[in-house]
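Sequence plus the predicted model coming up.
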Amino acid sequence: MLRIVDSYYVKSAVEPADYPASAYPEFAFAGRSNVGKSSLINLLTSHHGLAKTSGTPGKTRLLNFFLTRYKIDDSEEAGFLQLTDLPGYGFAEVSMKEQEKWRRMVSKYFENREQLRSIFVLVDIRHPADKKDIQMLEMLRIRNVDHCVVATKADKIPITKRKKVLAELAKGLGLRDEPLFAVSSLKNTGMSQLTDFLQSRL
């Protein structure tokens, strides 16, 4: 199993010219404002406070890059990978101008980051499929960017109802072959699925 053993913040950027140089495989986290991207990165890296969390939706307006070192427990393999926290989308109080700025920034990232291996698209398991999430998934399909969907806050749904809720969510999002994982940062559940997915894309 892949395990992240060290991690640190590299830099924040908007334009491709400012992205950190890197030869390592990269994974990005996308989702609506306050869906839990930063919390998930912190849990995945076992580094509380690595990605800054905020109670204010729409606060993250930059691409935040992190470098991590990993080990694979059942082998001697070890190496580095990079994580990118994308700014949240869909916050109602953000102006149309800001929304368009976000779209251009993220589109440039998808088109210019050659080492990008996959995107984790985070959605809130408690809510029906949102059109902003559907648009994000379509953007990734059009650009042929590998991705999976992570349903956060899974602890808010009883285990007996979770399978049905996930099936409805997958249908609403129009998922095809994309993996769908249920996780809870609060309860630290579902993380092995994410690390297995990371390992499969290295």
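Good, I have the coordinates. Quantities reported herein were computed from a predicted structural model and do not represent experimental measurements. Numbers count the residues shown, from 1 in each chain.

from here on, contacts and neighbour counts on C-alpha atoms
OK.

So what would you say the end-to-end distance of stretch 20-39 is?
For stretch 20-39, the first-to-last residue distance is 23 Å (C-alpha to C-alpha, to the nearest Å).

Which residues are in contact with residue 68?
4, 5, 6, 7, 8, 45, 80, 81, 82, 83 (C-alpha atoms under 8 Å, 6 or more residues apart in numbering).

Can I get the buried part of those as one PyMOL selection?
In PyMOL, a selection of the buried entries from these looks like this (16 or more other C-alpha atoms under 10 Å):
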select buried, resi 4+7+8+45+80+81+82+83
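
which one among the contacts of residue 68 gets closest to residue 90?
residue 83 (21.7 Å; C-alpha to C-alpha).

Quick one: residues in contact with the helix or strand of the chain with the lowest mean pLDDT.
Of all helical and strand segments in the chain, the minimum by mean pLDDT, DSSP states H and E falls on helix 96-112, at a mean of 89. Around helix 96-112, the neighbours that count as contacts under C-alpha under 8 Å, 6+ apart are 14, 15, 16, 61, 86, 87, 89, 116, 143, 145.

which other helices and strands contact the longest strand seen in the chain?
The single longest strand within the chain, with elements called by DSSP state E, is strand 2-13. Under the contact criterion of 3 or more C-alpha pairs under 8 Å, 6 or more residues apart in numbering; DSSP states H and E, the helices and strands touching strand 2-13 comprise helix 37-45, strand 63-72, helix 191-201.

what are the pairing partners of the second one, and which direction each?
Using DSSP bridges, strand 63-72 pairs in its sheet with strand 2-13 (antiparallel), strand 78-85 (antiparallel).

Tell me what angle that strand forms with helix 191-201.
Between the direction of strand 63-72 and that of helix 191-201, the angle (axes from the mean of the first three to the mean of the last three C-alpha atoms, to 10 degrees) works out to 90 degrees.

sorry, back to before: for the least confident helix or strand of the chain, list every residue counted as buried.
Under the neighbour-count criterion of 16+ other C-alpha under 10 Å, helix 96-112 has 102, 105, 106, 109, 110 buried.

What is the subsequent helix or strand relative to that helix?
Taking DSSP states H and E as the definition, the helix or strand that follows helix 96-112 towards the C-terminus is strand 116-124.

That's all I had, so thanks and see you.
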